[in-house]
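Chemist: A predicted structure for the sequence below; I have some questions about it.
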Amino acid sequence: MNKKNKTPRLRFNGFVDEWEQRKLGNILQERNNRTSDFDNNPLYSLTIENGVTPKTERYERSSLVTKKEDLFKIVKPNEFVTNPMNLRFGALGYNTNDFDVSVSGYYDVFSIDDDKCSGFWNSYFKTQTAMKIFDNAATGSLIEKRRVKYSTLQELDFYMPIELDEKIQIGEYMDAISRYISLYQSRLEKLQNMKKSCLQKMFPRENQETPAVRFTGFTQKWEKRTLGSCFDERLENMPDGELLSVTIGSGVKKFADLDRHDNSNSDKSKYKKVCVGDIAYNSMRMWQGASGYSQYEGIVSPAYTVVKPKEGIYSQFFAYMFKTKDVTHLFEINSQGLTSDTWNLKYPAFSKIIVRVPADINEQKKIADFLIGLDRMILISQEELEMLKRMKKGCLQRMFV
């Protein structure tokens with residue numbers, strides 16, 4: 001922010017005037033219309049991440065109105081909603097619908113002189129500059145319960161463009177980025193739900209001989225096999241290899257790529273070797289899904305177990321199987337220990353667990369390759385989403401005073 005010139009570092013072409021300082025009370029008007037008519041004014045909530053969004057169906061709306069019929073406030077299109085307690089953390093949004101909605105009576109609702117600028121103010125109020133202003137203005141005896149009520153909000157001074165068109169263009173641009181973020185977030189969630197469904201349907205459920213969904217050309221029943229008939233334990237030590245770690249969400253990763261403090265022992269003479277194609281797992285958290293296929297050669301803590309595939313076994317298929325609900329349950333009931341904090345699944349117990357496996361390794365490969373492709377799409381979507389979020393963050397830093 002360039003305080004001397006009172007202009008943002010990044011502007012649309014054609015705008016050169018310095019921004020002027022004005023009190024918010026000159027452009028905001030509090031709204032206090034109330035309702036309990038959720039049919040004509042659907043019930044919405046306010047979140048820091050998503051702004052004004054529909055209230056989830058888990059709420060029994062009829063039970064929400066307990067004292068007054070007019071408990072909830074009406075929010076008209078382009079009007080703002082703030083949570084006084086969390087405004088300093090970004091709990092603010094506006095009604096982007098073309099119909100009225102209702103929100104909790106605890107929230108503050110206000111309109112802006114020109115509703116074409118709602119997008120501008122929605123983004124401006126979430127900049128670090130605004131967060132600092134709100135935090136300094138918050139009142140209350142307890143730090144965690146400090147509030148910014150509307151009466152305080154209207155007394156605050158903000159810099160704003162002199163020209164209406166500049167506010168409109170900034171608002172439309174920031175709203176477009178937010179829409180793209182929502183679109184990519186929705187796509188990511190659909191892919192993640194698709195993977196969850198595939199893990200349920202592409203592997204047999206308990207007491208079933210075949211999965212609900214199969215690739216064309218495979219008709220044989222899956223055979224029962226012990227994991228010991230599929231994997232041997234790798235017991236080699238390799239003190240000088242690259243340190244690997246096993247995560248629940250991402251499987252086997254290079255430790256250097258993780259944002260973690262290195263608590264590993266300086267003496268790594270007993271660390272276990274991991275080869276490409278092995279499956280490594282955290283013996284104490286296998287029942288929680290802490291396992292993965294290794295794309296790397298390296299070493300892991302002696303507390304981990306490393307298994308290597310036998311002939312006719314496609315280990316990436318098993319890496320996905322080990323994440324399914326039914327199989328993690330098998331890991332849980334076969335773990336040894338008095339409490340969940342001490343449960344441990346070493347190779348001897350692991351090797352005796354019985355699972356169903358396609359006799360044809362080609363079916364194993366088909367399933368694994370499909371899920372690998374799905375994971376790749378999920379990763380790309382995550383990276384695109386993070387790029388958009390970084391872009392929005394950069395704009396919030398550079399396009400406002």
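Modeler: Okay, I see it.

Chemist: mind listing the strands for the stretch 201-350 of the chain?
Modeler: 223-226, 231-233, 244-247, 251-254, 272-274, 279-282, 291-293, 298-300, 304-309 (DSSP state E, counting those that start in this stretch).

Chemist: pipe the ones you listed into CSV and attach mean pLDDT and mean neighbour count per row.
Modeler: Glycine gets a C-beta too; all of them are placed from N, C-alpha and C. What follows is these, written out as CSV (pLDDT from 0 to 100; neighbours: other Cβ atoms under 10 Å):
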stretch, mean pLDDT, mean neighbour count
strand 223-226, 97, 13
strand 231-233, 98, 17
strand 244-247, 93, 23
strand 251-254, 93, 20
strand 272-274, 96, 23
strand 279-282, 96, 26
strand 291-293, 96, 25
strand 298-300, 95, 24
strand 304-309, 96, 22
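
Chemist: okay, those strands in CSV with distance to R147 next?
Modeler: Shown next, in CSV, are the strands of the stretch 201-350 of the chain (distance: least, Cβ to Cβ, whole Å):
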stretch, distance to R147
strand 223-226, 61
strand 231-233, 58
strand 244-247, 39
strand 251-254, 42
strand 272-274, 53
strand 279-282, 44
strand 291-293, 46
strand 298-300, 49
strand 304-309, 49
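
Chemist: so which of those strands comes closest to R146?
Modeler: Nearest of the strands of the stretch 201-350 of the chain to R146, taken as Cβ to Cβ: strand 244-247 at 37.1 Å.

Chemist: any chance you could list what contacts the closest one?
Modeler: With Cβ atoms under 8 Å, 6 or more residues apart in numbering as the test, strand 244-247 has contacts from 252-255, 258, 260, 274, 280-282, 290-292, 294, 296, 298-300, 304.

Chemist: if we use 6 Å, what do you get?
Modeler: V252, K253, F255, L258, V274, A280, N282, A290, G292, G298, V300 (Cβ atoms under 6 Å, 6 or more residues apart in numbering).

Chemist: any idea how far that strand is from the chain center?
Modeler: Mean-position distance between strand 244-247 and its chain equals 21 Å (Cα atoms, centre = their mean, to the nearest Å).

Chemist: partner strands of that strand, parallel or antiparallel?
Modeler: strand 251-254 (antiparallel) (DSSP bridges).

Chemist: still on that earlier bit, save the contacts of strand 244-247 as JSON lines, and put in distance to T7 too.
Modeler: Putting the contacts of strand 244-247 into JSON lines (distance: Cβ to Cβ, whole Å) gives the following:
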{"residue": "V252", "distance to T7": "50"}
{"residue": "K253", "distance to T7": "44"}
{"residue": "F255", "distance to T7": "46"}
{"residue": "L258", "distance to T7": "41"}
{"residue": "V274", "distance to T7": "56"}
{"residue": "A280", "distance to T7": "55"}
{"residue": "N282", "distance to T7": "54"}
{"residue": "A290", "distance to T7": "52"}
{"residue": "G292", "distance to T7": "51"}
{"residue": "G298", "distance to T7": "52"}
{"residue": "V300", "distance to T7": "54"}
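
Chemist: just these now: which is nearest P211?
Modeler: When those are ranked by distance to P211 (Cβ to Cβ), G292 comes first, at 21.7 Å.

Chemist: ok so, going back, the contacts of strand 244-247: which two are farthest apart?
Modeler: For the contacts of strand 244-247, the farthest-apart pair by Cβ to Cβ is A290 and G298; their separation is 16.6 Å.

Chemist: can I get stretch 146-162 in PDB? Just the C-alpha atoms.
Modeler: Only the C-alpha atoms of stretch 146-162 are listed here, as PDB (Å, rounded to 0.1, in the frame of the first residue of the first chain):
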ATOM      1  CA  ARG A 146     -14.300  -8.600  21.200                       C
ATOM      2  CA  ARG A 147     -16.900  -7.300  18.700                       C
ATOM      3  CA  VAL A 148     -17.300  -4.800  15.900                       C
ATOM      4  CA  LYS A 149     -21.000  -3.800  16.000                       C
ATOM      5  CA  TYR A 150     -22.600  -1.600  13.300                       C
ATOM      6  CA  SER A 151     -22.400   1.400  15.600                       C
ATOM      7  CA  THR A 152     -18.600   1.000  15.600                       C
ATOM      8  CA  LEU A 153     -18.300   0.100  12.000                       C
ATOM      9  CA  GLN A 154     -20.000   3.300  10.800                       C
ATOM     10  CA  GLU A 155     -17.400   5.500  12.600                       C
ATOM     11  CA  LEU A 156     -14.500   3.900  10.800                       C
ATOM     12  CA  ASP A 157     -12.600   5.800   8.100                       C
ATOM     13  CA  PHE A 158     -11.700   4.000   4.800                       C
ATOM     14  CA  TYR A 159     -10.000   5.200   1.600                       C
ATOM     15  CA  MET A 160     -12.100   4.700  -1.500                       C
ATOM     16  CA  PRO A 161     -12.000   5.600  -5.200                       C
ATOM     17  CA  ILE A 162     -13.500   8.900  -6.200                       C
END
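
Chemist: pLDDT on that stretch, on average?
Modeler: Stretch 146-162 carries an average pLDDT of 93.

Chemist: give me the contacts around that stretch.
Modeler: Stretch 146-162 has contacts (Cβ under 6 Å, 6+ apart) with 6, 17, 19-21, 23-25, 28, 30, 84-85, 87, 108, 133-134, 137-138, 140, 167, 401.

Chemist: same thing with stretch 359-370?
Modeler: Residues contacting stretch 359-370 (Cβ under 6 Å, 6+ apart): M202, F215, F218, Q220, E223, G312, Y314, Q316, F317, P358.

Chemist: starting at the chain centroid, how far to stretch 323-340?
Modeler: 26 Å.

Chemist: can you list contacts of it?
Modeler: Contacts of stretch 323-340 (Cβ under 6 Å, 6+ apart): L199, F203, E206, M286, W287, G289, M321, W343, N344, L345, A349, I353.
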